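>>> this one's structure only:
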């Protein structure tokens, strides 16, 4: 029995502390917004393939804060080169979580490569991530959580989840608003300086 | 090359000084010969985190993340890289992120590699279609002021700005 994606996201966000969260387009954005909206979340509704590398830019800009990217397998597959860039930069405060349902959930549940032998965690290891693993059960996910928030990064975690779509609760949509909300929460008055 | 054109080692310093004055803290690049000396200056500068990319679109998203974290950045690329960025520019326009790009042109002035011509000639139209403000510089002596002005437009007015550095300024590469 595969993990439920919303339960997995609730477990991940329950341990976030003051971490900054970036979500990849599609279901991960809906999951995070529905589970625990926060001004410290930056939601992508597009820019497919850009979530992890956007997380790198944020992590380098905020080296004292943990940055956690939560994205999907299709979104990660579109940005595989960014694994190499992140592996080369080795940001100690960046973690990437891939909610892997082996499907393109927003477009009709077409199969993705991760259900056909492609191992994203192994690719992260090959890109010199010091920590890369796959969690397929609740105990495995629980065991992986401490490294997400305190492990010497970059950390890469694939969470195998069931291929179903929970009820959609549409989060903030306007990109400029999402940006301003995030920057004001993080930077205070300097956001508009 | 135009007469008495300054060497790349000179104008690269002008660009680097303008980036320093603009408080640029992240530099993202895909290597290009026209940016060779500037890339070296940025790597040697402890105030700039200089990141080598696998493809230019990474730089667009990377610098959006930098801005979210309160840091200004610049993306260095060759004209061929503009085509690699197209969908990622939607992130910039939808969120109105500032984005400063310095694009060294190929396929433009005395090009000897025909494969560079299609994208090089398409750059201004592609950028304009994607909502990017396009500025041109074709004389080395203008580079410092051009970068300063483009940075101000990008960061203070929150706009995407590409400064196209003409191939005439850089010099056409030959394969003979």
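Happy to help now that I have it. From a predicted model like this one, the values you see are computed outputs, not experimental measurements.
>>> Let me see the contact set for the residue nearest to residue B:165 when sequence neighbours are not counted.
The spatial neighbour of residue B:165 that comes closest, neighbours along the chain excluded (Cβ to Cβ, 6 or more residues apart in numbering or on different chains), is residue B:104 at 5.0 Å. For glycine as for every other residue, the C-beta is placed from the backbone atoms N, C-alpha and C. Contact analysis of residue B:104 by Cβ atoms under 8 Å, 6 or more residues apart in numbering or on different chains lists B:32-35, B:76-79, B:165, B:167, B:170.
>>> ditto for residue B:83
Neighbouring residues of residue B:83 by Cβ under 8 Å, 6+ apart: B:119, B:122, B:126.
>>> show me what contacts the second one?
Translated: residue B:122. With Cβ under 8 Å, 6+ apart, residue B:122 has these contacts: B:82-83.
>>> So for the helix or strand where it lies, mean pLDDT?
Using DSSP states H and E, residue B:122 sits in helix B:117-129. Averaged across helix B:117-129, pLDDT comes to 98.
>>> just checking, next helix/strand downstream of that helix?
Later in the chain than helix B:117-129, the nearest helix or strand by DSSP H and E is strand B:133-137.
>>> So which other helices or strands are in contact with whichever helix or strand comes after that following strand?
Toward the C-terminus, strand B:133-137 is succeeded by helix B:143-156 as the next helix or strand (DSSP H and E). Packed against helix B:143-156, as judged by 3 or more Cβ pairs under 8 Å, 6 or more residues apart in numbering or on different chains; DSSP states H and E, are the following elements: helix B:8-21, strand B:72-78, strand B:99-104, strand B:133-137, strand B:160-165.
>>> Tell me which residue is most central in chain B.
Centroid-nearest residue in chain B: residue B:102, 1.3 Å away (criterion: Cα atoms, centre = their mean).
>>> mind checking pLDDT for it?
For residue B:102, the pLDDT comes out at 98.
>>> Can you name the residues bridging to it?
residue B:76, residue B:163 (DSSP bridges).
>>> tell me the contacts of it?
B:15, B:35, B:38, B:74-77, B:147, B:150, B:162-163, B:165.
>>> and the gap between the nearest residue to residue B:144 once chain neighbours are set aside and chain A?
Leaving aside its chain neighbours, residue B:144 sits nearest to residue B:14 (3.7 Å; criterion: Cβ to Cβ, 6+ apart). Separation of residue B:14 from chain A (Cβ to the nearest Cβ, to the nearest Å) stands at 26 Å.
>>> Next, count neighbours for residue B:14.
Neighbour count for residue B:14, taken as other Cβ atoms under 10 Å in any protein chain shown: 20.
>>> ok, it - contacts?
B:140, B:143-144, B:147.
>>> switch the cut-off to 10 Å
Residues near residue B:14 by Cβ atoms under 10 Å, 6 or more residues apart in numbering or on different chains: B:6, B:38, B:140-148.
>>> Of those, select the buried ones using a ChimeraX command.
Provided next is the ChimeraX selection string for whichever of the contacts of residue B:14 are buried by 16 or more other Cβ atoms under 10 Å in any protein chain shown:
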select /B:6,38,140,143,144,146,147,148
